[in-house]
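S.K.: sequence and computational prediction follow.
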2 protein chains.
Amino acid sequence: MIEPQDRRELIVSCAAELFARRSVAATTVREIADAVGVLSGSLYHHFESKDAIVEAVLSGYLELIRAQYRQAISSGKTPAERVHALVLASLKIAEDQPYPTLIYQNEIHYLSESPQFAAVQKAAEEVQNTWLKVIEAGVRDGSFRKDLPARTFYRLIRDAVWLSVRWHRPGGKYSTEQLADDVTSIFLSGYLSASTEARTAKAPASKAPVSKTARAAAKG
Amino acid sequence: MIEPQDRRELIVSCAAELFARRSVAATTVREIADAVGVLSGSLYHHFESKDAIVEAVLSGYLELIRAQYRQAISSGKTPAERVHALVLASLKIAEDQPYPTLIYQNEIHYLSESPQFAAVQKAAEEVQNTWLKVIEAGVRDGSFRKDLPARTFYRLIRDAVWLSVRWHRPGGKYSTEQLADDVTSIFLSGYLSASTEARTAKAPASKAPVSKTARAAAKG
DNA sequence: GTCTATACATCGATAGAC
DNA sequence: GTCTATCGATGTATAGAC
């Protein structure tokens, strides 16, 4: 069951790890070839340049995001549920594809200056529009605040969610689902405690408004 | 009034812009020399290596953060006020030193692997402790929620705040102070509207709990 | 499809004249 | 303190044998 594309996939996979660990610019084609187990000249039978390897890493990754986001949106009914679904989908992608996620977060700024990566830029805009549509629908229907720019909310939650790939270790006790619940709860309900929030003893009962997962135990 | 240190500062400043725009690894000493207006060999009269230039850029920057954070903490009384002060201080630093901020956010992961930059790593830990102390004090005194990890809140707000250097343009209509208010409001009070939050028509009146700046007009 | 061998450019850094 | 000139290492990429 070994297909001809397997060699290509292996190169992409090895390169992604190196690009993520040491940056694209600092990774040499010889290092990629070493990781694959061939000599550097052999890579050029599969790719016409180092940049083509970078593009292969990112284009597959962005295609995955687009597919997962389409699913995520349809899984929620309310804007708050859809925000939670987008957060969870993003964290699952980061768990499944940590190296492309790291490359994208660390280097999109440099890469998008090269016309070589125009397709990458275009996919990124589609992802942004998906988020903005959900957020703006929530502002319109009264779910979300009208006194803050939707774009600011988008950029803050986007960066907080994706950068979690730098510190979150999915294998541990802090599961990806739990993190998604916590991120959504902070961004939608805030980190102020109930008493501080309302300045009265009125019960809020809505601190985790979209998730069905319960945290095992409150600490403190 | 031209001091001998001016040349060094100029090199650091030019290098910082190039490092931020094209990454440290992709920037050559010849490019730095071009920007300064000398030939590459002349740089080595002021610095013993390219890495020494990188270190000069970051060490001055991190010293600035430490000084500003000390001030920020003492400017607030409650944990919420101190969080707002740290957010504002961070955004002001990003406004004043956008290039070092970009370098730090984009490349800290790669740079901290080199023992050359151990001092940078140490300063980063002090900054993290400053945030955590404020947040944990808020959890203890009941200002902040006990049902979410303080560390998660720290990491989310840290990444959201610092990454704003990638999109926020301080010269425009959206001032740094306004952004600081919005960030603090979202992270402390959440993005859900009042009616959604409480599921009753109870007036919250505490959506922007720490800032004295009022947004000019609500939109929509 | 991988190897050997190498072309060619560019890198960081140095030596010594001025 | 800057220049000229250049070293040695290393980078991407190629050509042709196997």
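M.R.: Received it, and whenever you're ready, just let me know what you need.
S.K.: what's near enough to touch residue A:87?
M.R.: Contacts for residue A:87 were tallied using Cβ atoms under 8 Å, 6 or more residues apart in numbering or on different chains; they are A:157, A:161, A:180, A:183, A:184, A:187. No exception for glycine: its C-beta is placed from N, CA and C like everyone else's.
S.K.: sort out for me which of the residues you listed are in helices.
M.R.: Among the contacts of residue A:87, the ones falling in helices (DSSP state H) are A:157, A:161, A:180, A:183, A:184, A:187.
S.K.: okay, and for chain A, where does confidence drop off?
M.R.: Counting by pLDDT under 70, chain A contains low-confidence residues at A:1-4, A:198-214, A:216-220.
S.K.: which residue ranges of it form helices?
M.R.: Assigned by DSSP H, chain A shows helices spanning A:6-22, A:29-36, A:40-43, A:50-75, A:79-96, A:98-111, A:118-140, A:150-163, A:176-189, A:194-198.
S.K.: let's have these in TSV, adding distance to residue B:122.
M.R.: Output for the helices of chain A, formatted as TSV (distance: least, Cβ to Cβ, whole Å):
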stretch	distance to residue B:122
helix A:6-22	22
helix A:29-36	29
helix A:40-43	38
helix A:50-75	33
helix A:79-96	28
helix A:98-111	22
helix A:118-140	35
helix A:150-163	22
helix A:176-189	28
helix A:194-198	34
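S.K.: returning to that earlier point: nearest to DNA strand D among the ones in helices among the contacts of residue A:87?
M.R.: Ranked by distance to DNA strand D (Cβ to the nearest atom of the strand), the ones in helices among the contacts of residue A:87 are led by residue A:161 at 31.3 Å.
S.K.: grab the nearest non-local neighbour of the closest one.
M.R.: Computed as Cβ to Cβ, 6 or more residues apart in numbering or on different chains, the closest residue to residue A:161 that is not its neighbour in sequence is residue A:90, at 5.0 Å.
S.K.: count the neighbours of that neighbour for me.
M.R.: A total of 26 residues lie near residue A:90 under the criterion other Cβ atoms under 10 Å in any protein chain shown.
S.K.: now swap in residue A:38 and tell me
M.R.: 16.
S.K.: mind checking the backbone torsions on it?
M.R.: Main-chain dihedrals, residue A:38, degrees, to the nearest 10: phi -130, psi 180.
S.K.: how much space between it and DNA strand D?
M.R.: Residue A:38 is 11 Å from DNA strand D, where distance means Cβ to the nearest atom of the strand, to the nearest Å.
S.K.: what's the answer for residue A:34, then?
M.R.: Counting by Cβ to the nearest atom of the strand - residue A:34 and DNA strand D are separated by 11 Å.
S.K.: ok so, going back, who's in contact with the residue nearest to residue A:161?
M.R.: Residue A:90 makes contact with A:65, A:161, A:162, according to Cβ under 8 Å, 6+ apart.
S.K.: now do the contacts for the last one.
M.R.: Same thing as residue A:162. Neighbours of residue A:162 in contact, by Cβ under 8 Å, 6+ apart: A:90, A:94, A:101, A:104, A:105.
S.K.: the residue of chain A at minimum distance from DNA strand D: how many residues sit nearby?
M.R.: As assessed by Cβ to the nearest atom of the strand, DNA strand D sits closest to residue A:41 within chain A, at 2.9 Å. Using other Cβ under 10 Å, residue A:41 has 10 neighbouring residues.
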